[in-house]
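Enquirer: based on what follows, work out the 3D shape:
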Amino acid sequence: MDIFKFFSKEDSSSKNVAKERLKLVLVHDRTNCSPHFLEMVKGDIIKVISDYMEIDEDGLDIKISKTKRSTDNTMVPALMANIPIKKMKSK
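Expert: Numbers count the residues shown, from 1 in each chain. Got it, this is the predicted structure:
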């Protein structure tokens with residue numbers, strides 16, 4: 001086992017994590033979106049979807065990221081939500 005490759009692999013991994021975190025910070029800054037605003041959005045989403053399904057609120061993850069716009073492939077901010085569903089409610 002090459003010890004230098006082992007350590008360089010760890011470096012590139014932490015480097016990529018730091019790079020992704022920096023991108024997220026830049027996106028948040030450019031969209032002028034505070035953590036308080038995201039918490040308000042999260043609360044509103046929970047209120048709306050709770051009428052239709054039971055969700056795992058502790059596992060809920062909402063963040064602002066970037067995605068390509070389908071019309072011209074321009075990178076634009078996007079609200080990404082991962083909402084674990086425990087059970088659907090019957091109507």
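
Enquirer: C-alpha from now on. contacts and neighbour counts both.
Expert: OK.

Enquirer: show the subsequent helix or strand relative to whatever helix or strand L26 lives in.
Expert: Using DSSP states H and E, the element containing L26 is helix 3-31. The C-terminal neighbour of helix 3-31 among helices and strands, as given by DSSP H and E, is helix 35-49.

Enquirer: buried set for that following helix?
Expert: 42, 46 (16 or more other Cα atoms under 10 Å).

Enquirer: strands paired with the very next helix or strand once past that helix, and their directions?
Expert: Scanning forward in sequence from helix 35-49 by DSSP H and E, the next helix or strand is strand 53-55. Using DSSP bridges, strand 53-55 pairs in its sheet with strand 85-88 (antiparallel).

Enquirer: poorly predicted segments of the chain, please.
Expert: 1-12, 24, 28, 91 (pLDDT under 70).

Enquirer: give me every residue that touches the spatially most central residue of the chain.
Expert: When Cα atoms, centre = their mean is applied to the chain, the residue found nearest the centroid is K63 (3.4 Å). K63 makes contact with 38, 79-81 under the criterion Cα atoms under 8 Å, 6 or more residues apart in numbering.

Enquirer: so which of those residues comes closest to G59?
Expert: A81 (10.6 Å; Cα to Cα).

Enquirer: can I assume that closest one sits in a strand?
Expert: Yes: the assignment for A81 (DSSP: H, G, I helix; E, B strand; the rest coil) places it in a strand.

Enquirer: surely it is in contact with D61?
Expert: Yes: contact criterion Cα atoms under 8 Å: A81 and D61 qualify, at 5.7 Å.

Enquirer: what residues does stretch 15-22 touch?
Expert: With Cα under 8 Å, 6+ apart, stretch 15-22 has no contacts at all.

Enquirer: next: stretch 50-59.
Expert: 46, 82-91.

Enquirer: what does stretch 70-79 give?
Expert: 27, 31, 62-69.

Enquirer: can you select the buried ones among those for me in ChimeraX?
Expert: Buried residues among the contacts of stretch 70-79 (16+ other Cα under 10 Å), as a ChimeraX selection:
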select :27,62,64,65
